[in-house]
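Chemist: Next input, structure requested:
(2 chains)
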Number of protein chains: 2
Amino acid sequence: MVIPDLRRARASLHGTFGLVPTMGALHEGHLSLVRRARAECDSVGVSIFVNPAQFGTGEDLDRYPRDLDRDLMALQALGVDLVWAPPPQVVYPRAFQTWVTVEEVTGGLEGERRPGHFRGVATVVAKLFNVFTPDRAYFGQKDAQQVTVIRRMAQDLDFPVEIVVCPTVRAPDGIALSSRNSYLSPREREAATVLFRALSAARTGYEGGQRDASALRAAMKAILDTEPLAHAEYISASDPETLSELDRVDDGVLLSLAVRIGGTRLIDNFLIQGKPGTD
Amino acid sequence: MVIPDLRRARASLHGTFGLVPTMGALHEGHLSLVRRARAECDSVGVSIFVNPAQFGTGEDLDRYPRDLDRDLMALQALGVDLVWAPPPQVVYPRAFQTWVTVEEVTGGLEGERRPGHFRGVATVVAKLFNVFTPDRAYFGQKDAQQVTVIRRMAQDLDFPVEIVVCPTVRAPDGIALSSRNSYLSPREREAATVLFRALSAARTGYEGGQRDASALRAAMKAILDTEPLAHAEYISASDPETLSELDRVDDGVLLSLAVRIGGTRLIDNFLIQGKPGTD
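Modeler: Next comes the predicted model:
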């Protein structure tokens, strides 16, 4: 569907509109966003677009899982009003040359290891906001830095969109649902539980009164070191808003990890709120 | 007026909405945009904001003319529905860190001489589009590259806004109206007519059949060289869409100049359309 057609379809929907941007290969994490949007908004739209601009050289753009038929069936079952699955040339036509960059909060973590990633994310989300003109847009806490970047962009550029963040959905063994989990062999799948176990160890430390951020990072590292298949890219205890590494936890902390399990790069996080009653 | 108040005022207006972004110090050029918006839209808004982000180091941010009371009177007389004249900290709060950049078309002309200028322009216009949610936005052809950048941004980021470009308004001696003309001494004001005369000479050449772009540039340079107070920064005959310098004019040409007259930097242009009947 080209953009003028999408705008017409959008214009025919009345009341509040919720958007769930996805890259497809939908799992229960995505569907939890759709259900939340369905519960909160009069109409719901979902975009399915494996965004080339957010993949770096040597990353998994080509092998990223795609299953549009299955995705459409799942969304139909949830009563989604509008699905947009554009080809890349509709989103990035030949003369395309405008980019949205968010600066400070992209300096570490994913942004440091994946140069250009968040420029691609911020740009495509800005476009989706302009195409769908949603009242609310739904994102998963699983991609914690992405949430921070999009919140910052929406606020800085005054997009009239409320950003709604939904909890990470996990498998019974604790692994955060991710389309990239399909890359894992059975042995790697088992090893991948180490991310959840490492984050849990740090949270246990925090709940026991530990406020030294380096001790929280060390608690995560100690668990990761027990898994020979796991190679950590970063182990972070950062300020939830600025994402800069903390020395001491005074008012909440984002515990986050990027770990390679074989050829698969996985991320996960726990957000520990500082304010009493919101933890 | 803070942004939530502006959004409320905007929401109370019905029908089509036209936005005229300005830096104030309004002259007949600005007012022609407002009149056009007034004629074409049910409601009209004007922003008055001397945007620090589009001024470089050593440029005239501090001395740029400001006269809010006079501007408001002029806009009231034209029946403008909404005026927003925010202080810089409302537009760029402390944690602000998101920028919109347009790449290829900012590589030459103003973009080359004023690094960061169009990043500031594109960012503030994106913000104004999100704050005012206009159906149409009005800009003057006087700032030809700005028009190209904003059109490109609106198209690339899918802003649902029609960009309307209005002709340059000129004084009887041909000088393009500009808030910066107030910097000129009487002797400089007279010298400044050389921009119009140079552009006119190139147009006369074009109308006489000249299609060699370097000959058109030479025709402008010959006139500029007759004025001892004038120092050209660039003399351009470029493709109206890509803004790259032309060798030969096949399908329209943007003739444009940046010239220093004493301490004042002036720009002007003639857009010669290639399509028959639109010249």
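Chemist: where's the residue nearest to A:Leu82 when sequence neighbours are not counted, which helix or strand?
Modeler: Once flanking residues are discounted, A:Leu82 sits nearest to A:Gly45: 3.9 Å by Cβ to Cβ, 6 or more residues apart in numbering or on different chains. To be clear about C-beta, it is placed using only N, CA and C from the backbone, and glycine gets the same treatment. Per DSSP states H and E, A:Gly45 falls inside strand A:43-48.
Chemist: Show me the helices in chain A, by range?
Modeler: Secondary structure of chain A (DSSP state H): helices at A:3-11, A:28-40, A:68-77, A:88-91, A:109-113, A:117-132, A:144-156, A:186-191, A:193-207, A:213-224.
Chemist: From B:Leu61, how far off is the closest residue in space to A:Asp268 that isn't next to it in sequence?
Modeler: Leaving aside its chain neighbours, A:Asp268 sits nearest to A:Leu195 (4.3 Å; criterion: Cβ to Cβ, 6+ apart). Relative to B:Leu61, A:Leu195 is positioned 49 Å away (Cβ to Cβ, to the nearest Å).
Chemist: What of A:Asp60?
Modeler: 46 Å.
Chemist: A:Asp212 now?
Modeler: Look at A:Asp212 and B:Leu61: by Cβ to Cβ, they are 46 Å apart.
Chemist: what ranges of the stretch 151-279 of chain A fall below the confidence cut-off?
Modeler: Scanning the stretch 151-279 of chain A for pLDDT under 70 picks out A:275-279.
Chemist: was I right about the residue nearest to A:Asp268 contacting A:Ser256?
Modeler: No: between A:Leu195 and A:Ser256 there is no contact under Cβ atoms under 8 Å: 9.8 Å.
Chemist: Overlap in contacts, these two.
Modeler: Common neighbours of A:Leu195 and A:Ser256 (criterion: Cβ atoms under 8 Å, 6 or more residues apart in numbering or on different chains): A:267-268.
Chemist: what pLDDT does A:Met1 get?
Modeler: Per-residue confidence (pLDDT) for A:Met1: 87.
Chemist: excluding its backbone neighbours, what's nearest it?
Modeler: Leaving aside its sequence neighbours, A:Met1 sits nearest to A:Trp84 (Cβ to Cβ, 6+ apart; 6.0 Å).
Chemist: Let me see the contact set for that neighbour.
Modeler: Shown in contact with A:Trp84 (Cβ under 8 Å, 6+ apart): A:1, A:6, A:45-49, A:131-132.
Chemist: Produce a ChimeraX select command limited to the buried residues of those.
Modeler: Those of the contacts of A:Trp84 that count as buried under 16 or more other Cβ atoms under 10 Å in any protein chain shown are selected in ChimeraX with:
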select /A:6,45,46,47,48,49,131,132
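Chemist: ok, the contacts of A:Trp84 vs chain B, which is closest?
Modeler: Nearest to chain B among the contacts of A:Trp84 is A:Val131, at 4.9 Å by Cβ to the nearest Cβ.
Chemist: ok, now which ones touch that closest one?
Modeler: Taking Cβ under 8 Å, 6+ apart, we find A:Val131 in contact with A:3, A:6-7, A:10, A:84, B:158.
Chemist: Same check on A:His231?
Modeler: Counting by Cβ under 8 Å, 6+ apart, A:His231 touches A:259-261.
Chemist: does A:Glu110 really touch A:Ile267, like I thought?
Modeler: Yes: at 6.9 Å, A:Glu110 and A:Ile267 qualify as touching, with contact defined as Cβ under 8 Å.
Chemist: So for B:Leu68, which of the helices of chain A sits nearest?
Modeler: Judged by Cβ to Cβ, the one of the helices of chain A that comes nearest to B:Leu68 is helix A:144-156, at 25.4 Å.
Chemist: Got the domain ranges for chain A?
Modeler: Listed domain ranges for chain A are A:3-166, A:179-271 (source: automatic domain parsing).
Chemist: end to end, how far does the first one reach?
Modeler: Yep, that's domain A:3-166 we're talking about. In domain A:3-166, first residue to last residue: 28 Å (Cα to Cα, to the nearest Å).
Chemist: Run through the residues of chain A sitting next to chain B.
Modeler: Within chain A, the residues that sit near chain B (Cβ under 8 Å from any Cβ of the partner chain) are A:3, A:7, A:95-105, A:122-123, A:126-127, A:130-131, A:133, A:152-153, A:156-160.
Chemist: Now the buried members of the residues you listed.
Modeler: Buried subset of the residues of chain A next to chain B (neighbour count, 16+ other Cβ under 10 Å): A:3, A:7, A:96-102, A:105, A:122-123, A:126-127, A:130-131, A:133, A:152-153, A:156-160.
Chemist: For the stretch 1-150 of chain A, give the residue positioned nearest to chain B.
Modeler: Using Cβ to the nearest Cβ, the single residue of the stretch 1-150 of chain A nearest to chain B is A:Thr98, 3.6 Å away.
Chemist: partner residues bridging that residue?
Modeler: B:Val102 (DSSP bridges).
Chemist: who are the neighbours in contact with A:Gly15?
Modeler: A:41-43.
Chemist: now the residues you listed as JSON lines including pLDDT and neighbour count?
Modeler: Below are these laid out as JSON lines (pLDDT from 0 to 100; neighbours: other Cβ atoms under 10 Å in any protein chain shown):
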{"residue": "A:Cys41", "pLDDT": "98", "neighbour count": "21"}
{"residue": "A:Asp42", "pLDDT": "98", "neighbour count": "13"}
{"residue": "A:Ser43", "pLDDT": "98", "neighbour count": "21"}
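Chemist: what lines up beside the strand holding A:Gly45 in the sheet?
Modeler: Strand pairing for strand A:43-48, using DSSP bridges, gives strand A:17-22 (parallel), strand A:82-84 (parallel).
Chemist: winner for burial among those?
Modeler: Scoring the strands paired with strand A:43-48 by mean neighbour count under mean count of other Cβ atoms under 10 Å in any protein chain shown gives strand A:17-22 as the most buried, with a mean of 27.
Chemist: one step back: could you measure from the residue of the stretch 1-150 of chain A closest to chain B over to A:Ala11?
Modeler: Relative to A:Ala11, A:Thr98 is positioned 24 Å away (Cβ to Cβ).
Chemist: swap in A:Gln89?
Modeler: Separation of A:Gln89 from A:Ala11 (Cβ to Cβ) stands at 24 Å.
Chemist: Let me know how buried the residue lying closest to A:Gln141 once chain neighbours are set aside is, in neighbour terms.
Modeler: Leaving aside its chain neighbours, A:Gln141 sits nearest to A:Thr168 (5.0 Å; criterion: Cβ to Cβ, 6+ apart). A count of neighbours around A:Thr168, defined by other Cβ atoms under 10 Å in any protein chain shown, yields 20.
Chemist: go on, A:Ile261?
Modeler: A total of 25 residues lie near A:Ile261 under the criterion other Cβ under 10 Å.
Chemist: check contacts around it.
Modeler: Under the criterion of Cβ under 8 Å, 6+ apart, the neighbours of A:Ile261 are A:184, A:188, A:191-192, A:229-231.
Chemist: With distance to A:Gln146 as extra columns, can I get the residues you listed in a markdown table?
Modeler: A markdown table is the format used below for these (distance: Cβ to Cβ, whole Å):
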| residue | distance to A:Gln146 |
| --- | --- |
| A:Leu184 | 21 |
| A:Glu188 | 24 |
| A:Ala191 | 25 |
| A:Ala192 | 20 |
| A:Leu229 | 26 |
| A:Ala230 | 22 |
| A:His231 | 22 |
